[in-house]
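J.: Based on what follows, work out the 3D shape:
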Amino acid sequence: MSKIRISNFGPIKGGFQGNDGWLEFNKVTVFVGNQGSGKSTVAKLISVFIKIEKSLVRGDFEKTWFETKNRLKLYYLPYHRLEDYLNENSKIEYIGDKFSITYDNEYLIVNEITNRVYSLPQIMYVPAERNLLTYIKGAEELKLSAEALQEFSTEYYSAVQEMNGNAVLLPINDTEIRYDKRSDELYLKSNDFRIKLRVASSGFQSFVPLYLVSDYLAKSVKQQSGKKTAMSSEETAKFQKGLRTIWNNEHLTDSQQRQAISELAAAFNKTAFINIVEEPEQNLFPSSQWQMLQSLLALNNMNMGNKLIMTTHSPYLINYLTLVVKAGELKEKIKTDAQKNDLEQIVALNTIINAKNLSIYELDEKCGCIKSLETYEGLPSDENRLNSMLDEGNELFTKLLEIQQQL
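T.: Model (predicted):
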């Protein structure tokens with residue numbers, strides 16, 4: 001299992017308080033915490049170091065290129081606008097399946113790990129600003145300041161084109177999404193309405209790009225994973241030569257470079273989908289959050305190497321994760337088809353996860369530290385910060401009632 005250890009980076013001060021500071025990212029990993037606690041910071045750093053490892057495995061550059069001074073700050077962190085989070089005391093250590101990478105005193109130190117199986121990943125960071133792409137027509141033509149949003153935009157419009165004019169049934173409210181090429185518009189349709197996505201509710205505007213990209217990439221990886229993954233030394237050399245040609249072409253825009261690299265890298269068959277999602281519950285009603293979560297979990301379960309990493313403010317997501325873990329326990333004990341059908345009516349069987357494959361971390365903005373959410377008999381504990389805020393609201397209301405009785 002890949003892991004990362006962080007200290008003195010932006011809002012993260014002491015880092016993870018257990019496991020000697022090593023924060024492991026699981027099949028499903030969730031970060032909860034207040035604004036400014038560092039949820040997205042950790043998720044973005046995970047994205048960065050997975051990308052570095054992937055570049056090392058593919059041989060994008062020589063090992064010495066990565067170990068050049070300030071390579072992390074000048075080349076990788078700007079992708080997520082994190083370069084200003086570094087300071088003279090920052091320390092980041094990453095251990096993946098193929099490489100260990102340490103950042104210390106402006107340098108990266110890279111070491112190869114032998115005798116480990118590596119699944120070449122398709123990495124997608126789904127930013128919270130994704131609804132910009134559905135709210136503004138022609139957003140793909142804008143000069144977006146965040147590289148992460150630019151890349152997500154590229155994949156989003158690829159996913160839309162992949163629909164090929166066909167309707168896609170969304171896992172929320174039995175609503176379809178369809179792309180009309182003549183008007184260059186996405187339309188939502190149900191029994192009661194048909195409207196342009198850009199004038200639809202904010203929940204649909206946030207969910208549609210998340211779902212279309214996740215579905216498109218997960219299925220793409222599933223298709224590739226059955227193919228041969230290794231490349232010959234001759235093919236690898238051709239890939240590296242092609243990559244340098246792209247980087248050295250001053251006439252290509254950043255977006256064109258990304259697209260060219262994506263097409264070139266298609267020669268490598270990806271066998272894992274790493275889906276990193278900021279606030280997947282954004283603007284969604286609780287029941288829609290449940291439907292959304294099940295769709296992401298089903299896509300995550302398509303391949304053994306897939307990982308789903310989420311940041312959230314929603315207490316509902318934690319409670320719903322408890323449901324899929326409990327369903328996983330029950331599935332192991334089911335003896336009849338009738339019992340299986342009863343379970344399927346509550347939780348779709350392709351969404352369930354094993355307790356050992358779920359990690360939930362709580363971040364504290366006051367100390368800049370991270371702790372693991374405790375479990376109770378294998379299930380996520382109710383004693384988490386999100387539920388505590390609900391309890392605090394109830395306590396405040398009780399105090400108001402006490403004042404009312406005195407009036």
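J.: use CA for all of it now, contacts and neighbours both
T.: Noted.
J.: Check the residue nearest to Gly96 when sequence neighbours are not counted and give its pLDDT.
T.: Leaving aside its chain neighbours, Gly96 sits nearest to Ser2 (4.5 Å; criterion: C-alpha to C-alpha, 6 or more residues apart in numbering). Listed pLDDT for Ser2 reads 93.
J.: you'd agree Ser2 is up against Ile95?
T.: Yes - at 5.7 Å, Ser2 and Ile95 qualify as touching, with contact defined as C-alpha atoms under 8 Å.
J.: Give me the common contacts of the two.
T.: Here Ser2 and Ile95 share no contacting residue, scored by C-alpha atoms under 8 Å, 6 or more residues apart in numbering.
J.: higher neighbour count, these two?
T.: Ile95 (22 against 17; other C-alpha atoms under 10 Å).
J.: show me what contacts the more buried one?
T.: For Ile95, the contacting residues are Ser2, Lys3, Ile4, Ile101, by C-alpha under 8 Å, 6+ apart.
J.: Among the residues you listed, which lie within strands?
T.: If you go by DSSP state E, the contacts of Ile95 have Lys3, Ile4, Ile101 in strands.
J.: For Glu250, identify the helix or strand it belongs to.
T.: Under DSSP states H and E, no helix or strand contains Glu250.
J.: Tell me how far it lies from Phe239.
T.: Distance of Glu250 to Phe239, computed by C-alpha to C-alpha, to the nearest Å: 19 Å.
J.: Mind checking which of these two has more residues around it?
T.: Phe239 (21 against 10).
J.: can you pull out the helices in the stretch 1-150 of the chain?
T.: Using DSSP state H, counting those that start in this stretch, the helices of the stretch 1-150 of the chain run over 39-58, 63-66, 71, 132-135, 147-162.
J.: Give me the contact list for the second one.
T.: If you take C-alpha under 8 Å, 6+ apart as the criterion, helix 63-66 is touched by Leu56, Arg71, Leu108, Val110.
J.: So which of the residues you listed wins on neighbours?
T.: Leu108 leads the contacts of helix 63-66 on contacts (other C-alpha under 10 Å) with 21 neighbours.
J.: ok, and the closest non-adjacent residue to that one?
T.: Glu67 (5.0 Å).
J.: I'd say the one you found and Asn105 touch.
T.: No - at 11.6 Å, Glu67 and Asn105 do not qualify as touching, with contact defined as C-alpha under 8 Å.
J.: Among those two, which residue is more densely surrounded?
T.: For Glu67 and Asn105, the more surrounded residue by other C-alpha under 10 Å is Glu67, and the numbers stand at 18 against 14.
J.: wait, what's in contact with that one?
T.: Contacts of Glu67 (C-alpha under 8 Å, 6+ apart): Tyr107, Leu108, Ile109, Val110.
J.: and if we set it to 7 Å?
T.: Counting by C-alpha atoms under 7 Å, 6 or more residues apart in numbering, Glu67 makes contact with Tyr107, Leu108, Ile109.
J.: now it: how far from Leu188?
T.: Counting by C-alpha to C-alpha - Glu67 and Leu188 are separated by 49 Å.
J.: Could you do Leu169 as well?
T.: 10 Å.
J.: Would you mind listing where the stretch 51-200 of the chain has pLDDT under the threshold?
T.: Filtered on pLDDT under 70, the stretch 51-200 of the chain yields the residue ranges 137-145.
J.: Do a quick rundown of the strands in it.
T.: For the stretch 51-200 of the chain, the strands defined by DSSP state E, counting those that start in this stretch occupy 91-95, 99-104, 107-112, 121-126, 168-169, 176-180, 185-189, 194-196.
J.: For Ser295, which of the ones you listed is the nearest?
T.: Ser295 sits nearest to strand 168-169 of all the strands of the stretch 51-200 of the chain, at 11.6 Å, using C-alpha to C-alpha.
J.: other SSEs contacting that closest one?
T.: strand 176-180 (3 or more C-alpha pairs under 7 Å, 6 or more residues apart in numbering; DSSP states H and E).
J.: Asn306: neighbour count?
T.: Neighbour count of Asn306, defined by other C-alpha under 10 Å: 24.
J.: ditto for the one 10 residues further on
T.: As a burial measure, the neighbour count of Tyr316 was computed by other C-alpha under 10 Å and equals 18.
J.: Can you tell me the element it falls in?
T.: helix 315-331.
J.: next SSE after that helix?
T.: Next along from helix 315-331, by DSSP H and E: helix 337-346.
J.: what residues does that next one touch?
T.: By C-alpha under 7 Å, 6+ apart, helix 337-346 touches Ile334.
J.: Identify the residues contacting Met163.
T.: No contacts exist for Met163 under C-alpha under 7 Å, 6+ apart.
J.: same thing but 10 Å
T.: Residues in contact with Met163 (C-alpha atoms under 10 Å, 6 or more residues apart in numbering) are Ile177, Arg178, Tyr179, Leu212, Tyr216.
J.: ok, the last one to Gln223 distance?
T.: Okay, so that is Tyr216. According to C-alpha to C-alpha, Tyr216 and Gln223 sit 11 Å apart.
J.: Those two: which is more packed in?
T.: Neighbour totals were compared for Tyr216 and Gln223, and Tyr216 leads with 18 against 13 (other C-alpha under 10 Å).
J.: That one in helix, strand or coil?
T.: helix (DSSP: H, G, I helix; E, B strand; the rest coil).
J.: close enough to count as contact, it and Val168?
T.: No - counting by C-alpha atoms under 10 Å, Tyr216 stays clear of Val168, with 11.2 Å between them.
J.: Of the ones in strands among the contacts of Ile95, which count as buried by neighbour count?
T.: Among those, those classed as buried by 16 or more other C-alpha atoms under 10 Å are Lys3, Ile4, Ile101.
J.: for the residues you listed, which one is nearest Glu402?
T.: The nearest one, if we look at these relative to Glu402 and count by C-alpha to C-alpha, is Ile4, at 48.2 Å.
J.: excluding its backbone neighbours, what's nearest that closest one?
T.: Ile4 sits nearest to Tyr94 (C-alpha to C-alpha, 6+ apart), 4.4 Å away.
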